[in-house]
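Enquirer: The following block contains a protein sequence and its predicted model.
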Amino acid sequence: MYIFSPLHYLERNFGYFVLVDSEFPMGNPLYISWLISMGDAIENLRQESLLKIAMKHLDDMYIKDSLTGVYNRFGMERFFAEIKKKCLMSRMLMQLSFVDLDNLKKINDEFGHEEGDRIISMAATILQKKAGKNYVVRYGGDEFVIMGTVRNEAEVEAYWKDVQAEIQAYNQSGKQRAQLSMSYGYDIFEIKAETNLEECIRISDKKMYLDKNKKRG
């Protein structure tokens, strides 16, 4: 004898219990109560899981840039607090790089804003691809910030060497209408309690303009 008992919550069916050669379920109120409790418990878990997914989605919308998928300024402020705490506890250093895409206005004028957006997205993809544990942030229209903990300057130099190689490979692929180029500047910061994010950005931004001016030179 097989007894099939649906495990459900209202009209939502989660599956079945199958009992073989047992008279226990037959008219037993304890069994019915247990089935109802199990269905309620599974439904609560399902709703809790959906709520977590929805909250994660809303959080991503809050801290991520819709065009590129990298973090926005809200995300930058959140992760700076985490980096600062980690550096203060472990005495690690923080690197902050400031990036500005070259000739974006010219690209928009010659090829249209759709191509400009594509260049911005590709820049974000390349920066993120080699970022490792660093956070990539779209700071403004064509500006990015990359920040994270490092042990020494050689790690930052290696990152930018990899990025430049990726940019060169992209420009030589022949698949793009416009060339991708970016200017950047970075600095290494010994984090203290009074370290201010905007001041770190200002310092790296100033070094970025030195790089940009060399190209105009």
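Expert: In hand now; what should we look at? Numbering: from 1, shown residues only.

Enquirer: Going by C-alpha atoms from here, please, whenever you check contacts or count neighbours.
Expert: Noted.

Enquirer: So which residues of this protein form helices?
Expert: 29-63, 73-90, 104-111, 113-129, 153-171, 197-216 (DSSP state H).

Enquirer: Buried deepest among those helices, which one?
Expert: helix 113-129 (a mean of 19; mean count of other CA atoms under 10 Å).

Enquirer: average pLDDT for it?
Expert: For helix 113-129, the mean per-residue pLDDT is 95.

Enquirer: Which neighbouring elements make contact with that helix?
Expert: helix 104-111, strand 135-138, helix 153-171 (3 or more CA pairs under 8 Å, 6 or more residues apart in numbering; DSSP states H and E).

Enquirer: run the last query once more with 7 Å
Expert: Packing partners of helix 113-129 (3 or more CA pairs under 7 Å, 6 or more residues apart in numbering; DSSP states H and E): helix 104-111, helix 153-171.

Enquirer: between that helix and helix 153-171, how big is the angle?
Expert: 140 degrees (axes from the mean of the first three to the mean of the last three CA atoms, to 10 degrees).

Enquirer: I would like the residues contacting helix 113-129, please.
Expert: Here helix 113-129 makes contact (CA atoms under 7 Å, 6 or more residues apart in numbering) with Leu67, Thr68, Val70, Leu104, Ile107, Asn108, Val136, Asp142, Val163, Glu166, Leu180.

Enquirer: Please apply the same query to stretch 202-213.
Expert: Leu96, Ser97, Phe98, Val99, Ser183, Tyr184, Gly185, Tyr186, Asp187.

Enquirer: got a list of what the last one touches?
Expert: When contacts are counted by CA under 7 Å, 6+ apart, Asp187 touches Gln95, Leu96, Ser97, Ser204.

Enquirer: from those residues, which is closest to Met55?
Expert: Of all the contacts of Asp187, Met55 sits closest to Leu96, with 29.4 Å by CA to CA.

Enquirer: follow-up on the earlier one: include distance to Phe24 when you put the helices and strands packed on helix 113-129 into a markdown table, please.
Expert: Shown next, in a markdown table, are these (distance: least, CA to CA, whole Å):
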| stretch | distance to Phe24 |
| --- | --- |
| helix 104-111 | 75 |
| helix 153-171 | 67 |
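
Enquirer: Quick one: closest of these to Trp34.
Expert: helix 153-171 (58.5 Å).

Enquirer: helices or strands next to that closest one in the packing?
Expert: helix 113-129.

Enquirer: Show the model's pLDDT score for Gly217.
Expert: 64.

Enquirer: same question, Ser5
Expert: 87.

Enquirer: Would you agree it is in contact with Asn13?
Expert: No. Counting by CA atoms under 7 Å, Ser5 stays clear of Asn13, with 10.7 Å between them.

Enquirer: So which of these two has more stuff around it?
Expert: Ser5 (15 against 12; other CA atoms under 10 Å).

Enquirer: before we move on, the earlier item: now tabulate the contacts of Asp187 in JSON lines and tack on distance to Lys214 and pLDDT.
Expert: Converted to JSON lines, the contacts of Asp187 look like this (distance: CA to CA, whole Å; pLDDT from 0 to 100):
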{"residue": "Gln95", "distance to Lys214": "22", "pLDDT": "97"}
{"residue": "Leu96", "distance to Lys214": "21", "pLDDT": "97"}
{"residue": "Ser97", "distance to Lys214": "17", "pLDDT": "97"}
{"residue": "Ser204", "distance to Lys214": "16", "pLDDT": "97"}
